[in-house]
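J.: following is a predicted model, sequence given first.
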Amino acid sequence: MLLPLYGFLEGDTMGLLILAHDDWSMVRLAEQMRSSSRVRVAYDGPLAVYHEGRRLPTHYSVREAGLAALDCVNVRRATADEGDPASAGAVGV
Amino acid sequence: MGTALADTNGGIARALARDEWQDLARKLDWRFSYVSEQDAFPEPISGKPWLTQDDWAGWDEPFRISFAEYVRAQSDKEAAVAAVADALGRAAERERLAPEWNSGLKLHAALLPLAEFAAVVGNLRAVRFGRDSAWRSMALFGALDELRHTQIPLRLMHPYLAADAQYDWTHRFYHSNDWVAIAARHCFDELLLLADPIEFAVATNFVFETGFTNLQFTALTALCDSVGDRLLEQMLASIQTDEARHAQIGPAVLEILVQHDRAYAQYLLDKWFWRSFLLFAVATGFTMDYLTPVERRTQSFKEFMHEWVLTQFVDSLARYGLQRPWYWAQFEQALDYYHHMVYASAYSYRASVWFHLALPGPAERDWLRSKYPQSFPALEPVWENITQEWGNSDAGVDLAVHGTAIPTFCSMCQIVLCGGTPAHNSVCQCRHEGATYTFCSEPCRWIFRQDPARYARHKDVVKRVLAGEAPGNLIAFLTQYSGLSFATWGKDAYGGDYAWLRRGPRSGQE
C-alpha cells in the first residue's frame, strides 16, 4: 500500500511529498528523501528517520513504524555516536 | 478663504471654504425610523463588535478629501502615468533592463491587479456597511482607487505581451491553479472578499496597506530609481499616493475598535500581520534580495523590514495599546530565513511559476552573506549544490537542474512548507474532525485553530493531488492544472549560462 508522507531532509529548504510503500524500510525511506532533494542537498553520509521526535529503527518498515497517511518524517544526518535504537550501529543508506 | 463667485443676480457671493462645508457632506448619518439600526447594519455583514451609531460618531481620518479634489488629483496622476507609458511603455524599453528585474516585475504585475479588483469589492462593502458616513465616503474613494490599481498594471503590461508571453499572467494569474495563485487567492479571498468592513479596515487598511503595501511601494520605488525603471517607478508612486490616503481608514476604525474590544483588535492584528508578512516576504523579499541586480540593491529585505515595518508600524501599535504579535520570536527568525528558503525552493521548482529566477553567483552570495550573516551559512550549501548541478549540465537544459518530487504546502497559507531553517523545518500539524492539517509554522496553525470552520474545507495542492483533482506528474501538473506551458513557465533567468559558472566536460569533449 502506498502511504503519502511529508518528508523533510536536514539541510533542505522545503518539504516534499513521499509516496512510500508500507513495506519500505527506514533505509529505503531515507534514500527516497535523499534522491528527491538531490538538486538542493548533496549529502552522501548516513541518515536517520525521525517521527514526532523519535528516531525510528533502521530495519522497521513504514508499517511497523506506525506511520500514517500525511504524517511528517524528518530525515536527519546520523552522527557516528548516534546509535540505532533497535539495531546498534549507524544508519547507513 | 472662500472663493469669490458671481451669483445669478450679478452680485458677488463667497463660496464656502472646504472646512466650512465638508463635514456637512461627509457626516451624513441620520436616525433610522422605519428600520432598526441593527437591521440596517446587521452584525454578520457590518462586523463585530456591533456598536451603536453614537459609538462610531467620532470616526475621523486626516485626509478629509472632497470628491472634486479627488477627481482633480486622480486626473493629474492618470495624465502622468499615461505620459510615462507613452514615452517608455514599449517592449524594447523593458528589454534593456536586467532579466531578473523584469521577473520581479512579472511577479508583482501578476499579484497586483486582480487582488486590487477584489479590494474594490471589500471597499464597496464598507461603502454600504461601514458604520460611519465619513468612513463610507472614504471607502468609496478607496474603491475607486483600487479600480484604478487594477487598470494601471493591466494597461502598462499589455504592450509587452507580443514580445513575452509571461506578461499574459498579469491578467491570467488569479484565474489559474498555479500554486502561487492558490496561495494568493486563499489570502485575498478572505482579506478582500470575505472580510466584514471592520476586519477589512484593520486587516487591509491598517495591517496590509499601512504596515506593508505603503512602505513596500516606497522601497520598490527607490529600487526602480536605482535600476532605472522609470515606468514601474511611476506606476508604484502613482498607486502609493492612493494607498497612503485610503489606508487611513484603518487607524480610524482601529481606534474605536480597541475602545470596545481590544482582544478582538489584537486577534485581527496577529492574524493579518502574519498572513501579510508571508506574501510580502515572497514578493518583496524575492525582488529585493534576488531579482534586483546586486550592484543596484539599496538595502536588504531584512533591513527594509526593520527600518520601515518594525520601526514605524510596530511602534504605532503602542498608540492603540496593542502588543506586538505573540509569535514575535518566530517572525524575527523568519526575517532571516523564510524568503530565502522559499526562493531556493522556488528556484529548484521554477517551472511552476510564470517568471524566471536567477541563480545567485559569487557577487550575490557575498552580498547575501554580508546582509544575512546568521542564516546564509545554512543556505549557501544549497546554492553550491545547485551550481554544481548546473556545472554537470548543459546551459539551457533547465529541467536537468530542477526538482521532480511533489512539493508540500501549508494548509493555512498554501505556500510551500519552507518554515524554520534548513536544520529544523518548523512544520507542525493538527487534527480537525478526523482530518490532518499541516502547517509551515506555529502562527499558521494558530490562525487555523482560531476559526477552523473557515479554513478546513480548503484543499491544499497535496490534497488536490491525492484526491485525484490534480495530476501528480510534474509536467502534467504544470501544463494541465497550473495553466503553464513551455513558453511561459519559469526558467533560469540566464539559462544557467553564467560567466562565473564552471562546467565539467560534456560527452564528446576533452
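T.: Perfect, thanks for sending it.
J.: burial measure for the one residue in the stretch 101-250 of chain B that gets nearest to chain A, as a count.
T.: Closest approach between the stretch 101-250 of chain B and chain A, counting by CB to the nearest CB: B:W179, at 11.9 Å. Yep, even glycine has a C-beta here, placed from its N, CA and C like the rest. By the criterion of other CB atoms under 10 Å in any protein chain shown, B:W179 has 24 neighbours.
J.: ok, the nearest residue to it once chain neighbours are set aside - contacts?
T.: Among residues not flanking B:W179 along the chain, B:V461 sits closest, at 5.3 Å (CB to CB, 6 or more residues apart in numbering or on different chains). Neighbour list for B:V461: B:W179, B:I182, B:I406, B:P407, B:F409, B:Q414, B:A470 [criterion: CB atoms under 8 Å, 6 or more residues apart in numbering or on different chains].
J.: reformat the residues you listed as a markdown table; add distance to B:D336 and pLDDT.
T.: Formatted as a markdown table, these follow (distance: CB to CB, whole Å; pLDDT from 0 to 100):
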| residue | distance to B:D336 | pLDDT |
| --- | --- | --- |
| B:W179 | 24 | 97 |
| B:I182 | 27 | 98 |
| B:I406 | 28 | 94 |
| B:P407 | 22 | 96 |
| B:F409 | 22 | 98 |
| B:Q414 | 23 | 98 |
| B:A470 | 33 | 96 |
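J.: and which of those residues is nearest B:L359?
T.: Comparing those against B:L359 with CB to CB picks out B:P407 as the nearest, at 19.0 Å.
J.: now residue 45, nearest residue through space, not along the chain?
T.: In the absence of a named chain, this looks at chain A. Nearest non-adjacent residue to A:G45, counting by CB to CB, 6+ apart: A:R77, 5.9 Å away.
J.: meant chain B, my bad for not saying
T.: Among residues not flanking B:I45 along the chain, B:F129 sits closest, at 5.3 Å (CB to CB, 6+ apart).
J.: so what strands line up beside the strand ranked longest in chain A?
T.: What stands out as the longest strand in chain A, according to DSSP state E, is strand A:2-9. Paired neighbours of strand A:2-9 in the sheet (DSSP bridges): strand A:16-21 (antiparallel), strand A:72-77 (parallel).
J.: so the residue of the stretch 101-250 of chain B closest to chain A sits against B:V416, correct?
T.: Yes: counting by CB atoms under 8 Å, B:W179 touches B:V416, with 7.4 Å between them.
J.: find residues that contact each of those two.
T.: Common contacts of B:W179 and B:V416 (CB under 8 Å, 6+ apart): B:P407, B:F409.
J.: show me which residues of chain A sit near chain B.
T.: A:4, A:6, A:8, A:10-18, A:36-37, A:39-42, A:69-72, A:74 (CB under 8 Å from any CB of the partner chain).
J.: now, of those, which are buried?
T.: A:4, A:6, A:8, A:10-18, A:36-37, A:39-42, A:70-72, A:74 (16 or more other CB atoms under 10 Å in any protein chain shown).
J.: let me see the contact set for B:E78.
T.: B:R148.
J.: quick check: B:R155 touching B:A85?
T.: Yes: B:R155 is in contact with B:A85 according to CB under 8 Å; the separation is 7.0 Å.
J.: give the helix, strand or coil label for residue 48.
T.: By default, I'm working from chain A. Counting by DSSP: H, G, I helix; E, B strand; the rest coil, the backbone at A:A48 sits in strand.
J.: not what I meant, chain B
T.: Of the three states, B:K48 takes coil under three-state DSSP.
J.: count the neighbours of it for me.
T.: 14.
J.: following element in sequence after the strand or helix carrying B:Q333, please.
T.: For B:Q333, the host element (DSSP states H and E) is helix B:328-348. For helix B:328-348, the following helix or strand on the C-terminal side (DSSP H and E) is helix B:362-371.
J.: identify each buried residue in that following helix, please.
T.: Buried-residue list, helix B:362-371, by 16+ other CB under 10 Å: B:E364, B:R365, B:W367, B:L368, B:K371.
J.: same check, this time on stretch B:395-404
T.: B:D398, B:V401, B:H402, B:G403.
J.: least confident pick among those?
T.: Among the buried residues of stretch B:395-404, B:D398 has the lowest pLDDT, at 93.
J.: give me the pLDDT value at the residue nearest to it when sequence neighbours are not counted.
T.: Nearest residue to B:D398 in three dimensions, chain neighbours excluded: B:K491, at 4.5 Å (CB to CB, 6+ apart). With respect to pLDDT, B:K491 scores 98.
J.: the helix or strand that B:T170 is a member of: what's the following helix or strand?
T.: Using DSSP H and E, B:T170 falls within helix B:169-172. Using DSSP H and E, the next helix or strand after helix B:169-172 towards the C-terminus is helix B:179-188.
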